[in-house]
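Enquirer: Sequence plus the predicted model coming up.
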Amino acid sequence: MAAFGSGAAFTVVSGMGGGPNLAVSAVSTGVVFALLQGAFYKIGKTFAPQPDDGKYTKTRTLLTKMSLEKYEKNFRKGLLTDDTLFLLTDSALSEVRIPPGPRLLILDQTSKLKARTGTAQASIPSSK
């Protein structure tokens with residue numbers, strides 16, 4: 001709404017409304033400003049870094065150690081958080097569209113971590 005108003009005001013103040021109908025020109029410029037602002041907003045949102053909510057820290061570390069960080073977005077889309085990391089199954093990973101090769105590597109790594117600590121809440125070694 002603000003972009004529309006600024007576009008309309010720009011037309012009126014700058015005198016760019018040329019022609020007999022200033023109102024039509026102001027409205028059309030307002031619409032263009034609003035569309036441009038909406039497009040810039042969407043583009044900015046696409047490229048802005050996602051805030052870390054702490055629910056995917058262990059998952060991100062595990063995937064990074066395995067050079068599979070490109071699948072983090074799949075985990076997020078499927079809501080496979082750190083709490084579910086050691087409950088993963090082949091079908092759960094398949095549902096979030098992780099290919100068979102990386103799927104097997106992830107399941108192998110999580111089972112090794114679970115066996116090493118003897119608990120379903122195994123901790124992933126830090127990436128340092």
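Expert: Yep, it's here. Numbers count the residues shown, from 1 in each chain.
Enquirer: In contact with the closest residue to Leu88 other than its chain neighbours: list those residues for me.
Expert: For Leu88, ignoring the flanking residues on the chain, the nearest one in space by Cβ to Cβ, 6 or more residues apart in numbering is Thr110 at 5.8 Å. Where you see a C-beta, it was placed from the backbone N, CA and C, and this is true even at glycine. Thr110 makes contacts with Leu62, Leu85, Phe86, Leu88, Ala122, as judged by Cβ atoms under 8 Å, 6 or more residues apart in numbering.
Enquirer: Give me the three-state assignment for the second one.
Expert: Of the three states, Leu85 takes helix under DSSP: H, G, I helix; E, B strand; the rest coil.
Enquirer: hang on, the earlier thing: next, give me the two most distant ones among the contacts of Thr110.
Expert: The span of these, defined through Cβ to Cβ, is set by Leu88 and Ala122 at 12.1 Å.
Enquirer: Look up how far Ser111 lies from Lys77.
Expert: 23 Å (Cβ to Cβ, to the nearest Å).
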